[in-house]
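[1] need a structure here:
(one chain, ligands or ions: 1)
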Amino acid sequence: MAEHDLIVIGGGPGGYVAAIRAAQLGLNVGCVEKASALGGTCLRVGCIPSKALLESSELYAEVNGNLAERGIVVDGAQLDLSKMLKHKDRVVRALTGGIDALFKKNKITRYNGHGRIVGPGQVSVSGDEVSGLSAKHILISTGSVPSSLPGIELDGDRIGTSTEALAYSEVPDHLVVIGAGYIGLEMGTVWRRLGSQVTVLEYLDRILPGMDSDIAAEALKIFKKQGLNFQLGCKVTGATTDGKSCTVEIDGADPITCDRVLVSVGRKPNTTDLGLETVGIETDPRGFIPVDEHFATSADGIYAIGDVIGGAMLAHKAEEEGVACIEQIVGGYGHVNYNTIPGVVYTSPEIASVGRTEDQLQEAGVAYRKGEFPFIANGRARAVGHTEGRVKILADEQTDRVLGVHIIGPHAGDLIAEAAVAMEFGASSEDIARCCHAHPTLAEVVKEAALAVDGRALHI
Ligand code: NAI
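    So this is what the prediction gives:
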């Protein structure tokens, strides 16, 4: 029996960051992870490999696009998909190896196997030589797994989730994507750029539910221009494959034949065989583990963070929760401000958001002022040739406090950091407008949108 102060079950972004913070604060930490590599969905089969493919496919599209207009003539650019996939795998290997190094540096003991709670302060690890672990504190950070739909036969190949879509060995002729959310749009646009016909089927009458509807509508126009086909308000009733082609059944419409199906209709909490019943923890009706404001479960000494407790299923949200939970355990204080957690869709252009959407403000009856500024009126955006999109800032009508910032455009995912920091400091739109932004940068679009809240944008 190995003893620790803290056992973390799950080595994804929430769990491994919590383990590091706990070690920094002097705890003796063990982390149980069943996959051979640390990093969770994010590093192994999510954020990082998808970003590698997004970047590579954007480069490919750029080379095959209008570079000639800029005086760069490239003849005969070809796609070597297997090399592109190898590059992605190298990126993943380097980063997961980096976490191993961080664990060594912080003297965190790693156990490779399935962690299961077997009683208060007790965890078993299947597949590892260790007979069992005990600790004063247990942190559950087991993340989430893809959801599916009734009638869909996931075969782990032709009909699959993002895991398969990150590794298709050849460019599909026709890819059907079910669900126009984060994954569907990111992976759909990757394969579109690499040459697939892509059809996105979405249940709602809009894409990207949860994002500002106006920004989502602009995104839809842009993706259609990029050649993606959308069928909105579309209820998928089944998908089957004969191993070569697939048939997707839709309620009230003709079935679609394609050669690959990506099911991206959300994710569900992962509590499989976690032994929650041994300590009396009951999940909520949707399968999430209920926690209080300090991430404590109903069982003494057992905490949970990240996708498994619900809320935005984002790596950085899990990281924040991991750190806050550990600081609370050790120092008695830890806090996450859920209002300033940004969300980013890494399509081209990127879509980023922090705070409340216009829809939410209207629904809540909050009086607000809005400032918008387009990238096309920005010198840097023109110079780099990425002029689609805009920044929208929503500020309280009375106090001018920034309530939400929504961006579609080049590097939106980086630009949103300024908005998150501003909101964390309780900034007004006037505060952002009065901050000097370097010229020529894309960040000037944020400043101009802040000026526009007061009707005084300068370059439009
Ligand atoms: P999602 O929740 O983003 O989107 C799912 C989409 O599927 C929604 O538009 C929903 O209306 C639609 N849908 C649901 N049932 C349907 C049905 N029966 N037929 C057709 N459409 C249906 O989920 P997604 O894309 O699977 O991503 C899972 C999670 O992973 C998300 O919570 C997201 O936050 C996270 N993620 C984050 C990324 C990022 O931060 N860039 C990238 C990828 C995933």
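
[2] can you list the weak-confidence ranges in the stretch 101-250 of the chain?
    The stretch 101-250 of the chain contains residues with pLDDT under 70 at 128.

[3] now the residue of it found nearest the ligand: how far from Thr163?
    Here the residue of the stretch 101-250 of the chain nearest the ligand is Gly181; by CB to the nearest ligand atom that distance is 1.8 Å. For glycine as for every other residue, the C-beta is placed from the backbone atoms N, C-alpha and C. Gly181 is 16 Å from Thr163, where distance means CB to CB, to the nearest Å.

[4] who has more neighbours, the two?
    Gly181 (20 against 15; other CB atoms under 10 Å).

[5] circling back to that earlier point, the residue of the stretch 101-250 of the chain closest to the ligand is in contact with Ser264, isn't it?
    Yes: counting by CB atoms under 8 Å, Gly181 does reach Ser264; the two are 6.1 Å apart.

[6] what's the nearest residue to Gly195 if we skip its chain neighbours?
    Leaving aside its sequence neighbours, Gly195 sits nearest to Val171 (CB to CB, 6 or more residues apart in numbering; 4.8 Å).

[7] can you pull the contacts of Gly11?
    By CB atoms under 8 Å, 6 or more residues apart in numbering, the residues touching Gly11 are Ala19, Cys31, Val32, Glu33, Ala35, Leu38, Gly39, Gly40, Ile99, Arg110, Ser141.

[8] Close to the ligand: what parts of this structure are there?
    149, 178-184, 186, 201-204, 209, 236, 264-267, 312-314, 344-346 (CB under 6 Å from any ligand atom).

[9] returning to that earlier point: how about the residue nearest to Gly195, what does it touch?
    Each residue near Val171 by CB under 8 Å, 6+ apart is listed here: Leu79, Leu81, Trp191, Leu194, Gly195, Ser196.

[10] So which of these sit within helices?
    Leu81, Trp191 (DSSP state H).

[11] re the thing from before, could you export the contacts of Gly11 as JSON lines, including neighbour count and distance to Val248?
    Shown next, in JSON lines, are the contacts of Gly11 (neighbours: other CB atoms under 10 Å; distance: CB to CB, whole Å):
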{"residue": "Ala19", "neighbour count": "32", "distance to Val248": "42"}
{"residue": "Cys31", "neighbour count": "29", "distance to Val248": "40"}
{"residue": "Val32", "neighbour count": "27", "distance to Val248": "39"}
{"residue": "Glu33", "neighbour count": "27", "distance to Val248": "35"}
{"residue": "Ala35", "neighbour count": "16", "distance to Val248": "30"}
{"residue": "Leu38", "neighbour count": "27", "distance to Val248": "36"}
{"residue": "Gly39", "neighbour count": "26", "distance to Val248": "32"}
{"residue": "Gly40", "neighbour count": "29", "distance to Val248": "30"}
{"residue": "Ile99", "neighbour count": "25", "distance to Val248": "38"}
{"residue": "Arg110", "neighbour count": "19", "distance to Val248": "41"}
{"residue": "Ser141", "neighbour count": "32", "distance to Val248": "35"}
